[in-house]
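*Asks:* can't give you the sequence, but here's the structure:
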């Protein structure tokens, strides 16, 4: 997110700038386009969801802006930067905790260019001059004793710093250890349920959808994904490259395999993507 702009004309260049900031190599055309876009900025560059970036990403952004502005000796090319996000969030999926901004493992080994860039990115990250931390949890502002205990537990959990009081409070609200609490109670009828494994969540969603349609007098409408065999696999038959002039097999997925894909739960598919999505009015999985 880059904000603010003097006018909306450079939006095309703005999108291009955002898409290549984290790319190591920048062509002359891209450099010119990004330079024109940056000249239209009347304020700082704001980057949201900063915990999802790796140290190498911060290095690439700084190097890119320094290159565009012609100021290689200044972090981010001398531009004012604002970073926003939940810094207690889980690390980026790509680099996991090894490359996150708060990781202690960065700078431990500098044997290759990527590790060196990560170390430089973390050093640049430490050049931030002003930090604003919001402590109050605005989603839990009621003042009962239990609400206060829950709010304190949530704050401590985010930083992996639960006390014994927090643990005892959380255990007192576990269904398995409290005979006075049951998930079949009407109060929990349509609430979200967090499970340890996605396959359990899939089963709950399947039963919940059947229950919802029965109670609302509706029918689920199935939306099916379309699948084709990618060129990578289509160009390789039985492990052997295609010969010249050979057109290869059809890109269509065989019906038997397609049916199996549609019937797989999201937990069994790549990136947790449904092969079949069943919906009706008012239903949320």
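*Replies:* Great, that's in hand. Quick caveat, the model's predicted, so the values are computed rather than measured. Numbers count the residues shown, from 1 in each chain.
*Asks:* So residue 199 sits against residue 269, correct?
*Replies:* No. Using Cβ atoms under 8 Å, residue 199 is not in contact with residue 269; the gap is 11.6 Å. Just so you know, the C-beta spots here come from the backbone N, C-alpha and C atoms, and that holds for glycine as well.
*Asks:* burial of the spatially closest residue to residue 78 that is not a sequence neighbour, as a residue count?
*Replies:* Closest residue in space to residue 78, ignoring its immediate chain neighbours: residue 71 at 4.9 Å, by Cβ to Cβ, 6 or more residues apart in numbering. Neighbour count for residue 71, taken as other Cβ atoms under 10 Å: 14.
*Asks:* do the one 5 residues further on as well
*Replies:* Under the neighbour criterion other Cβ under 10 Å, residue 76 is assigned a count of 20.
*Asks:* got it, and residue 175?
*Replies:* Counted with other Cβ under 10 Å, residue 175 comes out at 13.
*Asks:* Give me the number of neighbouring residues for the closest residue to it other than its chain neighbours.
*Replies:* Of all residues not flanking residue 175 in the chain, residue 181 sits nearest, at 5.1 Å (Cβ to Cβ, 6+ apart). Using other Cβ under 10 Å, residue 181 has 14 other residues around it.
*Asks:* Residue 181 contacts residue 173, doesn't it?
*Replies:* Yes. Assessed by Cβ under 8 Å, residue 181 is found in contact with residue 173 at 7.0 Å.
*Asks:* Quickly find the element holding residue 219.
*Replies:* Assigned by DSSP states H and E, residue 219 belongs to no helix or strand.
*Asks:* So which residues of the stretch 101-250 of the chain form strands?
*Replies:* 221-224, 236-237, 240-241 (DSSP state E, counting those that start in this stretch).
*Asks:* For this structure, name the helix or strand with the lowest mean pLDDT.
*Replies:* helix 11-20 (a mean of 44; mean pLDDT, DSSP states H and E).
*Asks:* Show residues contacting stretch 160-172.
*Replies:* 149-150, 152-153, 156-157, 177-178 (Cβ atoms under 8 Å, 6 or more residues apart in numbering).
*Asks:* let's go with 7 Å and repeat that
*Replies:* 149, 152-153, 156, 177-178 (Cβ atoms under 7 Å, 6 or more residues apart in numbering).
*Asks:* Residue 217: neighbouring residues, count only.
*Replies:* 7.
*Asks:* Model confidence for it, exactly?
*Replies:* We have a pLDDT of 88 for residue 217.
*Asks:* Show me the shaky parts of this protein.
*Replies:* Where the chain drops to pLDDT under 70, the residues are 1-43, 88-98, 135-142, 177, 230-250, 270-272, 284-285.
*Asks:* roughly how far apart are residue 198 and residue 268?
*Replies:* 9 Å (Cβ to Cβ, to the nearest Å).
*Asks:* Ok, residue 102 next?
*Replies:* 33 Å.
*Asks:* ok, now residue 122?
*Replies:* 38 Å.
*Asks:* in the stretch 51-200 of the chain, which spans are helices?
*Replies:* 55-69, 113-125, 145-158, 164-171, 198-216 (DSSP state H, counting those that start in this stretch).
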